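[1] Using only what follows, build the 3D model:
(one chain, ligands or ions: 1)
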Amino acid sequence: MKLQEKSQINSQHTVQSHQRRPQSNNMAEEPQIIYAIRIFFEVIWMILRLDVEIIKALFRFVVPQDPKDVTEEIILITGAGHGMGREVATRFARLGAKVVCVDVNAKGNEETINIIKQAKGKAFPYVCDVTDRKAVFELAEKVESEVGVVTILINNAGIMPCKPVLRHNEKEIRTLMDININGNLWMIQAFLPAMLENNYGHIVAMSSMAGKMGLRNLVPYCGSKYAVRGIMEALAVELHEDPRDTNGIKLTTICPYIVNTGLCTNPRIRFQTLMKTVDPGDAADQIVDAIRREYHEITIPSDLYYSNKLFNLFPPAGGKILTDFIGTGLDPQD
Ligand SMILES: NC(=O)c1ccc[n+]([C@@H]2O[C@H](COP(=O)([O-])OP(=O)(O)OC[C@H]3O[C@@H](n4cnc5c(N)ncnc54)[C@H](O)[C@@H]3O)[C@@H](O)[C@H]2O)c1
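    Numbering: from 1, shown residues only. As a prediction, this is how the structure comes out:
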């Protein structure tokens, strides 16, 4: 059966299963006192479960989950021909995984494959433009028959035009949204069905700190990276509410700040120690670790995770005062 059809059947299954669910708010005939008692116990039960989750999270903060073995995994990485994609691909190959390298740039992709093969790793090159939905579904079929079922999908391909919003033309904005957002969606639609069938898999998305805070000269890019986080949050809810067992499918969102891959050409940083730029190899180490430990979301550098949460507690005007003081951002590329 074609993957596209499988994807539609999967989605129908979810809709139908949800339609079959009993409506829990149909309490018309229930006496009010019974209703009140039931809600009381539901609240107690909810608080207990929340407490357990908070304790589990605190425990995991102190004692992180062991990194998983990836020797049996088939890991597909988009944008594997350069930057963080290449670094992540070479690291997973070194750990013994089969790595499927996907890029629109055949030359860069071949270079990554050669690096992996020279180190005796297992790598498989595929040229594909993630904005082309048909090509993405054909890619999924080819990879499944030639390499096997992808168990870890890393949606990494992305671009970042950097200039004031009024200087972006229509084509630039559409291309940016197509690669950074739609590319993620096409890949998820093509590769999630097999993960659902096996209740096994891991989807990783490359968002950005620009997906957690607004930055000058990056209005469309920030929009696309907030969207990536939105997609991952909504997917988590959809999997959680799916009546099938989906516990075997993990999701991880990566939010780097500035990584020296050449994507950010004009960073301006006031306090170097506070907001340091990161080497692509160091970023890849943190990405691979986060995937192996099945973290929900990480920032790179990691301390930005908490400073960003703190930042969001301030009223909007307070946020602007902090932004002015920190004075960090990107200057236009052209
Ligand atoms: N570098 C940073 O500072 C930084 C910070 C935050 C987030 N990110 C995100 O991390 C990801 C990787 O960034 P990077 O700096 O390694 O980028 P990069 O430019 O070094 O590499 C991106 C790769 O994606 C490929 N690609 C572009 N369009 C494609 C398409 N349509 N189909 C398939 N492949 C395509 C490119 O050919 C390239 O090989 C991006 O999503 C980026 O937005 C980067």
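[2] C-alpha only now, for contacts and for neighbours.
    Fine.
[3] List the buried residues for stretch 326-334?
    Neighbour counts over stretch 326-334 (16 or more other CA atoms under 10 Å) mark Thr328, Gly329, Leu330, Asp331, Pro332 as buried.
[4] Take those and write them to CSV, including secondary structure, distance to the ligand and pLDDT.
    Formatted as CSV, the buried residues of stretch 326-334 follow (DSSP: H, G, I helix; E, B strand; the rest coil; distance: CA to the nearest ligand atom, whole Å; pLDDT from 0 to 100):
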residue, secondary structure, distance to the ligand, pLDDT
Thr328, coil, 13, 79
Gly329, strand, 11, 82
Leu330, strand, 10, 85
Asp331, coil, 13, 84
Pro332, coil, 14, 87
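[5] For Ala80, state which of those residues is nearest.
    Nearest to Ala80 out of the buried residues of stretch 326-334 is Leu330 (CA to CA; 24.5 Å).
[6] quick one: contacts for the closest one?
    Residues counted as contacts of Leu330 (CA atoms under 8 Å, 6 or more residues apart in numbering) are Cys162, Leu215, Arg216, Asn217, Cys264, Asn266, Pro267, Arg268.
[7] so what's the backbone phi/psi at the closest residue to it other than its chain neighbours?
    Leaving aside its sequence neighbours, Leu330 sits nearest to Pro267 (CA to CA, 6 or more residues apart in numbering; 4.4 Å). When read as degrees, to the nearest 10, the backbone of Pro267 gives phi -70, psi 140.
[8] quick one: Pro267 and Gly108, what's the gap?
    Separation of Pro267 from Gly108 (CA to CA, to the nearest Å): 25 Å.
[9] Then Phe325?
    40 Å.
[10] Who has more neighbours out of the two?
    Set Phe325 next to Gly108 and count neighbours by other CA atoms under 10 Å: Gly108 wins out with 17 against 11.
[11] The more buried one: what secondary structure?
    Three-state call for Gly108 (DSSP: H, G, I helix; E, B strand; the rest coil): helix.
[12] Show the contacting residues for it.
    Taking CA under 8 Å, 6+ apart, one finds Ala80, Gly81, His82 in contact with Gly108.
[13] How many neighbouring residues does Met46 have?
    A count of neighbours around Met46, defined by other CA under 10 Å, yields 12.
[14] what sits against it?
    Met46 makes no contacts at all, as judged by CA under 8 Å, 6+ apart.
[15] mind starting the numbering at 726 from now?
    In the new numbering, first residue 726, that becomes Met771.
[16] For it, grab phi and psi.
    Main-chain torsions, Met771, degrees, to the nearest 10: phi -60, psi -40.
[17] So Phe849 is in contact with Ile838, correct?
    Yes. With contact taken as CA atoms under 8 Å, Phe849 and Ile838 are classed as touching, separated by 7.0 Å.
[18] Those two: which has the busier surroundings?
    Set Phe849 next to Ile838 and count neighbours by other CA under 10 Å: Ile838 wins out with 26 against 19.
[19] For the more buried one, give me its contacts.
    Contact analysis of Ile838 by CA under 8 Å, 6+ apart lists Cys826, Ala848, Phe849, Pro850.
[20] which one is the second one nearest to, not counting chain neighbours?
    Which is Ala848. Per CA to CA, 6+ apart, closest to Ala848 is Val824, 4.7 Å.
[21] helix, strand or coil for the one you found?
    At Val824 the chain is in strand, as set by three-state DSSP.
[22] Count the neighbours of Asp1004 for me.
    Neighbours of Asp1004 using other CA under 10 Å come to 14.
[23] What of Lys832?
    Neighbours of Lys832 (other CA under 10 Å): 13.
[24] Just give the closest residue to it, not the sequence neighbours.
    The shortest distance from Lys832 to any non-neighbouring residue, by CA to CA, 6+ apart, is to Gly806 (7.5 Å).
[25] okay, the one you found: pLDDT?
    With respect to pLDDT, Gly806 scores 98.
[26] for Arg745, same thing?
    pLDDT for Arg745: 43.
[27] now do Arg816
    98.
[28] Please list all residues in contact with it.
    Contact partners of Arg816, counting by CA under 8 Å, 6+ apart, are Ala1009, Asp1010, Val1013.
[29] Would you format those as TSV with pLDDT included?
    Formatted as TSV, the contacts of Arg816 follow (pLDDT from 0 to 100):
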residue	pLDDT
Ala1009	98
Asp1010	98
Val1013	98
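[30] Return the closest of those with respect to the ligand.
    Taking CA to the nearest ligand atom as the measure, the ligand lies nearest Ala1009 of these, at 9.4 Å.
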